[in-house]
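> Okay, here's the prediction I keep looking at, along with the sequence it came from:
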Amino acid sequence: MAKVRESPVATCEKNFLLKALSNYTRLDGRAFDEFRNIKIQFGKDWGCCYVALGQTCALAQVSSEIQQPNSARPSEGIININVELNPMAAAHFEPGRQTDMSVQINRILEKCIKDSKAVDLESLCIKVNEKVWLFRVDVNILSHEGNIVDCASIAAIAALAHYRRPDVTSDGEEIIVHTYSQRDPVPTVLHHHPICVSYAVFNEGEVLLADPTLLEENVAEAHLNIGLNAYKELCTLHLGGSTTLNQHCVIQYTEKAAKRAAEVIDFIKKSLEEDTVKRDQDEVADFSSTLFSEIQEDTVNALIGTLNTWTTQENKWKKPKQLSNIEIVENDNSVIEVVGEKAAALVPRGKDESDVWICIDEDVDDDCILIES
Amino acid sequence: MVINIGDVVYPGDTINNVESLRGVTLFGPGLHRSDKPNKLQITRAGILSFKTPNVYWVESLQKRYVPKKGDLVVGVVSKKAGDVLKVDICSSELASLSTLAFEGATKKQRPDLQVGDCVYARLLSAHREMEPELVCVDSYYKAGKLGPLSVDGFLTTVSLNLVNRLLNIENPLLRTLGKKYVYEIAVGMNGRVWINARSTKDILAIVTALQAAEHQSDKTILEICRKY
């Protein structure tokens, strides 16, 4: 089979991106230190977790087996992390083949989760020197739109936290592995939840973009991957590429990443709790419902996006009237109007409160007449 | 089962009683000739479309581009080898573009194209076993709208379905956007769209509009456009 090449980055794309950055805009309208939305969904099996970071998606599955321990560490279980880059994610990825990129991602994840001792390996020991649990975390990237590392790390840690291994008892000689129906499965003991936060470096550290998209990743000079847990403890620090970055910059962005990590870990824990509640109520979790809601949400957002795009230039035609998710937060003398996701407008409030809002119907009518005439 | 125009069809379905003009029926992507007379076999999932008097095709959602002779595409130069440029046109193989295939190009005077530059070109030949070949001139050796694209613009990728819809003469989206913004656009059949406008903000707005149009039906777009 012929190899599919990665499509090259065109000069005009690169120039445009850099020009936009010099105007303090990103192509998807995010702020420089703004991250994409995370979506976490758990599957039917224990340890099955789907994470979407914007358009980038990953599916992690934890599996376990009993094995003889490493002779250097006879009383510790083993954990293997494996990131698979399929052609499903991007056409130029080859299945079952190690590339520089996959090795690097694997290594960063291993450093982040395994080397930081997030999982209590001693609790995975069944019999010293003879039998321990081996956990295997398989992360499949489903769609590659930049920043695989963050997405995979969130998926891996969430899957580990969600996973339950079968209970094991011993009657002196024999070791009995109980099925899930015989005995309640045992959750994994996690000391802390480390996740990766990535930045793309431009202009020798002048501009750092949080959570880079595919194009930003391709154009960037270097990538800064920071592995952190909720207690601001650094687990990984990886700077790939070639750039000059000063130490203050690294420290400053590690601080920022710590904030983000705490938020993400909170979100993971919340999702886990929600999943537990669902399982208690015997609701079968599957991905089909997510898929459907995702599509619908996208379409609605797209429509609003279109309308707003066309109204930014000339504000003749006002915003769509009935937005289901409009929320009005009262301030002292101004109103913050939330329009869709991550968009808000500060509208100053006049003295006569009843006449603050422009009557949209009239405006629309006026416009229609104008066009017709 | 009777299949009507506008129905969702699947591979393996057959259309009976095909319309023809003087015994001729034209059929496009997603259709295959059947052994039996007056019948067409469907080879792709999508919406069956028909244009009077005798043209049939299936509109499907495809992202991978398969080169076809005569298509206008936007490519990115990815290699330079002597007289020939290798151009990425999102197909399985790189296309070749001779530096002499530009208007007014001679051995001594050829266009200055670097790796990473964009070109708008026409496919001269496309076969399954052969490398696709591009040209930037028409049969009269005139460039017309073809040729290198400026490095000031922006390149974005949309689905092939959207490209077909945008190029439909009845689709008002590009014209409506033209009322608001001054812009230049090159829509390639391979899904690449090159856009240039006065400011970064304008380009971004147009890109967003195109991305939003991807999820909208033609009817919705028409309705929205009518308001401007």
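All right, it came through fine. A quick note: this is a predicted structure, and the numbers were derived from the prediction, not measured.

> Report the buried residues of stretch B:200-216.
Of the residues in stretch B:200-216, B:200, B:202-213, B:215-216 count as buried by neighbour count, 16 or more other Cβ atoms under 10 Å in any protein chain shown. Where C-beta positions appear, they are placed from N, C-alpha and C, glycine not excepted.

> Of those residues, which belong to strands?
Among the buried residues of stretch B:200-216, no member is found in strands (DSSP state E).

> Domain boundaries for chain B, per the record?
If you go by automatic domain parsing, the domain ranges for chain B are B:8-60, B:72-149, B:154-225.

> pLDDT score assigned to A:V62?
pLDDT, A:V62: 94.

> Now do it against A:D280, distance only.
To A:D280, A:V62 is 21 Å away according to Cβ to Cβ, to the nearest Å.

> Which residues are in contact with the residue in the stretch 101-250 of chain A that chain B sits nearest to?
Residue of the stretch 101-250 of chain A nearest chain B, by Cβ to the nearest Cβ: A:L215 (9.5 Å). A:L215 makes contact with A:9, A:13, A:17, A:27, A:146 under the criterion Cβ atoms under 8 Å, 6 or more residues apart in numbering or on different chains.

> Am I right that it is in a helix?
Yes - looking at A:L215 with DSSP: H, G, I helix; E, B strand; the rest coil, it is inside a helix.

> returning to that earlier point: including distance to chain A and mean pLDDT, could the domains of chain B go into a markdown table?
Putting the domains of chain B into a markdown table (distance: least, Cβ to the nearest Cβ, whole Å; pLDDT from 0 to 100) gives the following:
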| stretch | distance to chain A | mean pLDDT |
| --- | --- | --- |
| domain B:8-60 | 17 | 86 |
| domain B:72-149 | 4 | 88 |
| domain B:154-225 | 4 | 86 |
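
> can you put those in a markdown table and add distance to A:S123?
Below are the domains of chain B laid out as a markdown table (distance: least, Cβ to Cβ, whole Å):
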| stretch | distance to A:S123 |
| --- | --- |
| domain B:8-60 | 50 |
| domain B:72-149 | 50 |
| domain B:154-225 | 48 |
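
> I'd like to know which of the contacts of A:L215 is nearest to chain B.
Each of the contacts of A:L215 was scored against chain B by Cβ to the nearest Cβ, and A:E13 proved nearest at 5.0 Å.

> The residue nearest to B:Y120 when sequence neighbours are not counted sits in which helix or strand?
Among residues not flanking B:Y120 along the chain, B:A186 sits closest, at 4.7 Å (Cβ to Cβ, 6 or more residues apart in numbering or on different chains). Assigned by DSSP states H and E, B:A186 belongs to strand B:183-187.

> Next SSE downstream of that strand?
With elements assigned by DSSP H and E, the helix or strand that comes after strand B:183-187 is strand B:192-197.

> Contacts for that following strand, please.
Strand B:192-197 is contacted by residues A:12, B:73-76, B:89-90, B:118, B:120, B:149-150, B:152-158, B:163, B:181-188, B:203, B:206-207, B:210 when judged by Cβ under 8 Å, 6+ apart.

> Now with 6 Å, please.
B:74, B:118, B:149-150, B:152-158, B:181, B:183-187, B:203, B:206 (Cβ atoms under 6 Å, 6 or more residues apart in numbering or on different chains).

> relative to strand B:183-187, how tilted is it?
170 degrees (axes from the mean of the first three to the mean of the last three Cα atoms, to 10 degrees).

> Export only the CA atoms of strand B:192-197, formatted as CSV.
Provided in CSV are the C-alpha atoms of strand B:192-197 (Å, rounded to 0.1, in the frame of the first residue of the first chain):
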residue,chain,number,x,y,z
ARG,B,192,-9.0,23.4,-0.8
VAL,B,193,-10.2,27.0,-0.8
TRP,B,194,-7.9,29.9,-1.0
ILE,B,195,-9.2,33.3,0.2
ASN,B,196,-7.7,36.7,0.2
ALA,B,197,-9.4,39.9,1.5
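
> How far does it sit from its chain's centre?
From the chain centre to the centre of strand B:192-197 is a distance of 14 Å (Cα atoms, centre = their mean, to the nearest Å).

> So what are the sheet partners of it and their directions?
Using DSSP bridges, the strands paired with strand B:192-197 are strand B:154-157 (antiparallel), strand B:183-187 (antiparallel).

> and among the ones you listed, the most buried is which?
Per residue and on average, the most neighbours among the strands paired with strand B:192-197 fall to strand B:154-157, with a mean of 20 (mean count of other Cβ atoms under 10 Å in any protein chain shown).

> Buried residues of the helix or strand following that strand, list them for me.
Following strand B:154-157 in sequence order, the next helix or strand is helix B:160-167 (DSSP H and E). Judged by neighbour count (16+ other Cβ under 10 Å), helix B:160-167 contains these buried residues: B:160-163, B:165-166.

> Stretch A:196-212 now?
Of the residues in stretch A:196-212, A:196-202, A:205, A:207-212 count as buried by neighbour count, 16+ other Cβ under 10 Å.

> Distance across stretch A:27-44, terminal residue to terminal residue?
37 Å (Cα to Cα, to the nearest Å).

> near chain B at all, that stretch?
No - against chain B, stretch A:27-44 shows no contacts by Cβ under 6 Å from any Cβ of the partner chain, the least distance being 6.7 Å.

> Export only the CA atoms of stretch A:204-221, formatted as PDB.
Below are the C-alpha coordinates for stretch A:204-221, written out as PDB (Å, rounded to 0.1, in the frame of the first residue of the first chain):
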ATOM      1  CA  GLU A 204      11.200  32.700  20.300                       C
ATOM      2  CA  GLY A 205       8.900  32.700  23.300                       C
ATOM      3  CA  GLU A 206       7.200  36.000  22.600                       C
ATOM      4  CA  VAL A 207       3.900  34.200  22.000                       C
ATOM      5  CA  LEU A 208       2.800  31.000  23.700                       C
ATOM      6  CA  LEU A 209      -0.500  29.500  22.500                       C
ATOM      7  CA  ALA A 210      -2.400  27.200  24.900                       C
ATOM      8  CA  ASP A 211      -3.800  24.000  23.400                       C
ATOM      9  CA  PRO A 212      -2.600  24.500  19.800                       C
ATOM     10  CA  THR A 213      -4.600  23.300  16.900                       C
ATOM     11  CA  LEU A 214      -3.100  21.300  14.100                       C
ATOM     12  CA  LEU A 215      -2.100  24.300  12.000                       C
ATOM     13  CA  GLU A 216      -0.700  26.100  15.000                       C
ATOM     14  CA  GLU A 217       1.200  23.000  15.900                       C
ATOM     15  CA  ASN A 218       2.700  22.600  12.500                       C
ATOM     16  CA  VAL A 219       3.800  26.300  12.200                       C
ATOM     17  CA  ALA A 220       5.100  26.600  15.800                       C
ATOM     18  CA  GLU A 221       8.800  26.700  16.600                       C
END
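
> Let's test this: mean pLDDT of it, rounded?
When pLDDT is averaged over stretch A:204-221, the result is 90.

> How about stretch A:126-140?
The average pLDDT for stretch A:126-140 rounds to 91.

> Pull out the buried residues from it.
By neighbour count on 16+ other Cβ under 10 Å, the buried set for stretch A:126-140 is A:126, A:131-135, A:137-140.

> contact partners of that stretch?
The contact list for stretch A:126-140 (Cβ under 6 Å, 6+ apart) reads A:58-67, A:69, A:74-75, A:77-84, A:124-125, A:152, A:155-156, A:168.

> Now, of those, which are buried?
Among those, the ones that count as buried by 16+ other Cβ under 10 Å are A:58-64, A:66, A:69, A:77-79, A:81, A:83-84, A:124-125, A:152, A:155-156, A:168.
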